[in-house]
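# dropping the sequence and predicted coords here.
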Amino acid sequence: MQYQYYGWEHADAPAMTDQYKGIKTPADLYDALSAIWCAETCAPRMRGDWMPENKTLGQCSITAFLAQDIFGGKVYGILRPGGNYHCYNVVGDCVFDLTSEQFGEEVLDYENNPEQFREVHFAKEEKRLRYEYLKEALRKQCG
């Protein structure tokens, strides 16, 4: 299958945990989350624009930190207009952004961006709750 998210061609980081049955690569995680991402997991400021055809909209930080739980590595952020960061993952030499499709044809710069920390992102309770919802939904889906 050909994916559209950034880095899919080389997203071969192996899972560091077997907590999520069937999730062995970032592509496996993308496939699983494609059935889970919804308006409830979307950032509240973007929720009105969320639709199944743009399922990755507003899902970046919670997805990147969940991917970090599974694959390790670090989460980085691209500064966006308005001062928010769009989060993505770096595991060794593997750079992938499971939610890049939300930007359509816009080309993002994945070089020299600041590391992002869950303590900062999850200081917003709504974001922590969305992350926990996503994590629990993935657990249930993986049996």
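Cool, got the structure. Since the model is a prediction, treat every value here as computed from it, not as a measurement.
# can you tell me the helix or strand for the most centrally placed residue in the chain?
With distances taken as CA atoms, centre = their mean, residue 63 lies nearest the centre of the chain, 2.7 Å away. Here residue 63, judged by DSSP states H and E, is contained in helix 60-71.
# now for that helix, which elements pack on it?
helix 26-34, strand 74-79, strand 85-91, helix 118-121, helix 125-141 (3 or more CB pairs under 8 Å, 6 or more residues apart in numbering; DSSP states H and E). Any C-beta I mention is one placed from the backbone N, CA and C, and that applies to glycine too.
# nearest to residue 98, of the ones you listed?
Closest to residue 98 of the helices and strands packed on helix 60-71 is helix 26-34 (CB to CB; 5.1 Å).
# show me the one of the helices and strands packed on helix 60-71 that comes nearest residue 20.
Comparison of the helices and strands packed on helix 60-71 against residue 20 by CB to CB identifies helix 125-141 as nearest, at 5.9 Å.
# and that closest one, what's buried?
Using 16 or more other CB atoms under 10 Å as the burial criterion, the residues of helix 125-141 that qualify are 127, 130-131, 134-135, 137-138.
# now for it, which elements pack on it?
Looks like helix 125-141 contacts helix 26-34, helix 60-71, helix 118-121 (3+ CB pairs under 8 Å, 6+ apart).
# hmm, try it at 6 Å
Packing partners of helix 125-141 (3 or more CB pairs under 6 Å, 6 or more residues apart in numbering; DSSP states H and E): helix 60-71.
# what's the distance between the helix it packs on and the middle of its chain?
Centroid separation for helix 60-71 versus its chain: 5 Å, with CA atoms, centre = their mean, to the nearest Å.
# just stretch 92-109 next, same as before
Distance of stretch 92-109 from the chain centroid (CA atoms, centre = their mean) equals 10 Å.
# likewise stretch 69-86?
On CA atoms, centre = their mean, the centre of stretch 69-86 falls 9 Å from the chain's centre.
# that one - what's its average pLDDT?
For stretch 69-86, mean pLDDT is 96.
# now do stretch 13-28
Mean predicted lDDT for stretch 13-28 stands at 96.
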